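1. Next come a sequence and a model predicted from it.
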Amino acid sequence: MRILILCTHNSARSQMAEGWARYHANQLGVSAEIFSAGTEATFVKPDAITVMQEIGIDLTTHSSKTLFNLPDPWNFTYVITVCDSAAERCPVYPANTTRLHYPFMDPSGHTLETWRVVRDQIAKQLEQFMVALKNNQPIPPNYVNAPSFI
């Protein structure tokens, strides 16, 4: 199984989601190749690295990339968009790909506490997703976002 998490810049939400997806897959014994990418490449934001380090997930070796930097970019079992812009710009995938949209607020420009809120929302969503995969259950709908912090 191959999973792609897609965002606009692959700098924050998709990077955190990739980290969480790998963590939960490992904890649950779900065999999956997990990637993240953006519709544009920039850099991994230091605040994303910081808040993920707080819970023991290391993003320091991650880099921002586009779909075209990935191996076999048109062959994913699941494509998960984590921002509305990426969902709108997401390319068309073959019929055997399931597209999911789990939108999260952009924490960029906010306090570390805001980053933690988004990190924890992503954690819950990706855990529910991986548990469903492990148990061969229906994939959960998008996480109901916590109260807005903007």
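-> Looks like it came in fine.
2. can we go C-alpha only for contacts and neighbour counts from here?
-> Fine.
3. so which strand or helix has L4?
-> Here L4 sits within strand 2-7, counting by DSSP states H and E.
4. Name the residues of the helix or strand following that strand that are buried.
-> In the C-terminal direction, the helix or strand that comes right after strand 2-7 (DSSP H and E) is helix 13-28. Along helix 13-28, the positions that meet the burial threshold by neighbour count (16 or more other C-alpha atoms under 10 Å) are 13-25.
5. Now do the strand holding L4: which elements does it pack against?
-> Other elements packing on strand 2-7 under the criterion 3 or more C-alpha pairs under 8 Å, 6 or more residues apart in numbering; DSSP states H and E are helix 13-28, strand 33-38, strand 78-81, helix 84-89.
6. Of all those, which one comes closest to P107?
-> Evaluated over the helices and strands packed on strand 2-7, closeness to P107 peaks at helix 13-28, with 8.3 Å, by C-alpha to C-alpha.
7. And the strand or helix carrying R119, what does it pack against?
-> Using DSSP H and E, R119 sits within helix 112-134. Under the contact definition 3+ C-alpha pairs under 8 Å, 6+ apart, helix 112-134 sits against helix 13-28, helix 46-53.
8. Please pull out the lowest mean pLDDT helix or strand from the chain.
-> helix 84-89 (a mean of 66; mean pLDDT, DSSP states H and E).
9. picking that back up, measure how the helix holding R119 sits relative to helix 13-28, angle-wise.
-> For helix 112-134 against helix 13-28, the angle by axes from the mean of the first three to the mean of the last three C-alpha atoms, to 10 degrees is 50 degrees.
10. Just the CA trace of helix 112-134, in PDB.
-> Included here for helix 112-134 are C-alpha records, laid out as PDB according to Å, rounded to 0.1, in the frame of the first residue of the first chain:
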ATOM      1  CA  LEU A 112       3.800  27.300  19.000                       C
ATOM      2  CA  GLU A 113       0.600  26.500  21.000                       C
ATOM      3  CA  THR A 114      -1.400  26.900  17.700                       C
ATOM      4  CA  TRP A 115       1.100  24.500  16.000                       C
ATOM      5  CA  ARG A 116       0.500  22.000  18.800                       C
ATOM      6  CA  VAL A 117      -3.300  22.200  18.300                       C
ATOM      7  CA  VAL A 118      -2.900  21.400  14.600                       C
ATOM      8  CA  ARG A 119      -0.300  18.700  15.300                       C
ATOM      9  CA  ASP A 120      -2.700  17.000  17.700                       C
ATOM     10  CA  GLN A 121      -5.600  17.300  15.300                       C
ATOM     11  CA  ILE A 122      -3.500  15.600  12.600                       C
ATOM     12  CA  ALA A 123      -2.500  12.900  15.100                       C
ATOM     13  CA  LYS A 124      -6.100  12.000  15.800                       C
ATOM     14  CA  GLN A 125      -7.100  11.900  12.100                       C
ATOM     15  CA  LEU A 126      -4.100   9.800  11.000                       C
ATOM     16  CA  GLU A 127      -4.600   7.400  13.900                       C
ATOM     17  CA  GLN A 128      -8.200   6.900  12.900                       C
ATOM     18  CA  PHE A 129      -7.200   6.400   9.300                       C
ATOM     19  CA  MET A 130      -4.500   3.800  10.200                       C
ATOM     20  CA  VAL A 131      -6.800   2.000  12.700                       C
ATOM     21  CA  ALA A 132      -9.400   1.700   9.900                       C
ATOM     22  CA  LEU A 133      -6.800   0.300   7.500                       C
ATOM     23  CA  LYS A 134      -5.500  -2.200  10.000                       C
END
